[in-house]
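1. The amino acid sequence is not available; the structure is as follows:
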């Protein structure tokens with residue numbers, strides 16, 4: 001098959017396992033494909049277009065290389081802005097005094113996925129606050145996830161560090177008494193023998209965010225049953241990394257997923 005910019009890296013690797021050797025040549029970040037858990041997480045989230053942003057190369061050039069069998073003799077050159085310059089002028093909403101920094105470079109270098117920490121940091125921001133995420137590459141999948149929730153972003157490079165500023169214009173929807181779809185009691189059954197959450201009808205990525213927030217709740221009682229309209233493959237990789245196991249049962253309305261501690 002011919003890949004497109006929207007092809008997931010997981011799909012590309014199934015078709016061409018040798019790409020595990022090709023991708024690290026674009027950027028050291030792709031060496032993490034050798035880590036089984038992180039590989040499952042990254043490849044399900046990252047498209048070829050995302051991968052090009054991470055590597056700092058032209059997406060079309062990277063796509064061409066990935067569609068050529070075997071290891072290419074020459075790789076696309078990095079774009080002029082990659083790791084050297086800001087991608088745009090400072091946006092009017094960026095106020096240094098409102099910035100909270102989160103540096104995830106050590107986690108990425110260790111092969112762990114900082115998704116949970118990043119989502120948690122956005123929740124802790126005060127109204128009008130800005131999260132400045134520092135990574136070793138442009139976290140294109142994370143930017144896309146937060147953009148779907150209404151966040152705006154600004155990407156800039158300082159040396160070899162990628163800084164991504166996230167700002168939510170109407171922050172009241174994400175904190176205080178108005179949590180939107182985050183922990184709506186109408187969707188939850190907090191039974192003493194185990195919680196149940198119905199995420200059917202929620203638009204991605206809200207179901208995943210909803211479940212991860214529930215797992216952070218100190219009062220949460222396992223097993224946690226999730227009623228979902230489809231099999232949430234991306235969620236599974238996060239559950240595995242967080243130390244949970246699950247069983248999935250299909251029914252007429254979708255699937256029911258029962259989550260428990262992996263060591264239970």
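-> Right, received. Where do you want to start? Owing to the predicted nature of the structure, the values given are computational and were not obtained by experimental measurement. Numbers count the residues shown, from 1 in each chain.

2. can we go C-alpha only for contacts and neighbour counts from here?
-> Will do.

3. could you pull out the helices for the stretch 101-250 of the chain?
-> Shown for the stretch 101-250 of the chain, the helices assigned by DSSP state H, counting those that start in this stretch span residues 105-110, 115-124, 140-148, 206-216, 233-241.

4. Export those helices as JSON lines, with columns for mean neighbour count, mean pLDDT and distance to residue 8.
-> As requested, those are arranged in JSON lines below (neighbours: other C-alpha atoms under 10 Å; pLDDT from 0 to 100; distance: least, C-alpha to C-alpha, whole Å):
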{"stretch": "helix 105-110", "mean neighbour count": "14", "mean pLDDT": "84", "distance to residue 8": "20"}
{"stretch": "helix 115-124", "mean neighbour count": "16", "mean pLDDT": "86", "distance to residue 8": "18"}
{"stretch": "helix 140-148", "mean neighbour count": "17", "mean pLDDT": "80", "distance to residue 8": "11"}
{"stretch": "helix 206-216", "mean neighbour count": "18", "mean pLDDT": "81", "distance to residue 8": "18"}
{"stretch": "helix 233-241", "mean neighbour count": "16", "mean pLDDT": "78", "distance to residue 8": "12"}
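
5. Break the chain down into its structural domains.
-> 9-66, 96-173, 185-261 (automatic domain parsing).

6. start to end distance for the last one?
-> The first residue of domain 185-261 is 23 Å away from its last residue (C-alpha to C-alpha, to the nearest Å).

7. now the stretch 151-264 of the chain, which segments are flagged as low pLDDT?
-> 169-184, 204-205 (pLDDT under 70).

8. Mind putting the helices of the stretch 101-250 of the chain into a markdown table with distance to residue 156?
-> Shown next, in a markdown table, are the helices of the stretch 101-250 of the chain (distance: least, C-alpha to C-alpha, whole Å):
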| stretch | distance to residue 156 |
| --- | --- |
| helix 105-110 | 15 |
| helix 115-124 | 18 |
| helix 140-148 | 13 |
| helix 206-216 | 26 |
| helix 233-241 | 28 |
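
9. just so I know, which of the ones you listed lies nearest residue 2?
-> Across the helices of the stretch 101-250 of the chain, residue 2 has its closest neighbour in helix 140-148 (22.0 Å, C-alpha to C-alpha).

10. ok so, going back, now render the domains of the chain as CSV, adding distance to residue 3.
-> Compiled in CSV, those are given as follows (distance: least, C-alpha to C-alpha, whole Å):
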stretch, distance to residue 3
domain 9-66, 7
domain 96-173, 18
domain 185-261, 21
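
11. I'd like the distance from stretch 50-67 to the chain centre, please.
-> 19 Å (C-alpha atoms, centre = their mean, to the nearest Å).

12. in that stretch, what counts as buried?
-> Buried residues in stretch 50-67, counting neighbours by 16 or more other C-alpha atoms under 10 Å, are found at 50-59, 62-63, 65-66.

13. Could you do stretch 189-209 as well?
-> Neighbour counts over stretch 189-209 (16+ other C-alpha under 10 Å) mark 194, 195, 196, 197, 198, 199, 200, 206, 207, 208, 209 as buried.

14. picking that back up, tell me the one of the buried residues of stretch 50-67 nearest residue 187?
-> Distances from the buried residues of stretch 50-67 to residue 187 were compared by C-alpha to C-alpha; the smallest belongs to residue 50, at 33.1 Å.

15. So the closest one is in contact with residue 141, correct?
-> Yes: the criterion here is C-alpha atoms under 8 Å, and residue 50 meets it with residue 141 at 6.6 Å.

16. just to revisit the earlier point, so which of the buried residues of stretch 50-67 belong to helices?
-> Those of these mapping onto helices are 50, 51, 52, 53, 54, 55, 59, 62, 63, 65, 66, per DSSP state H.

17. Pick out whichever of those residues sits closest to residue 106.
-> Nearest to residue 106 out of these is residue 54 (C-alpha to C-alpha; 16.8 Å).

18. Next one: the closest one, what pLDDT does it get?
-> With respect to pLDDT, residue 54 scores 74.

19. How about it: what's its closest non-neighbour residue?
-> Excluding the flanking residues, the one nearest residue 54 by C-alpha to C-alpha, 6 or more residues apart in numbering is residue 138, at 4.8 Å.

20. I appreciate the help and will end here.
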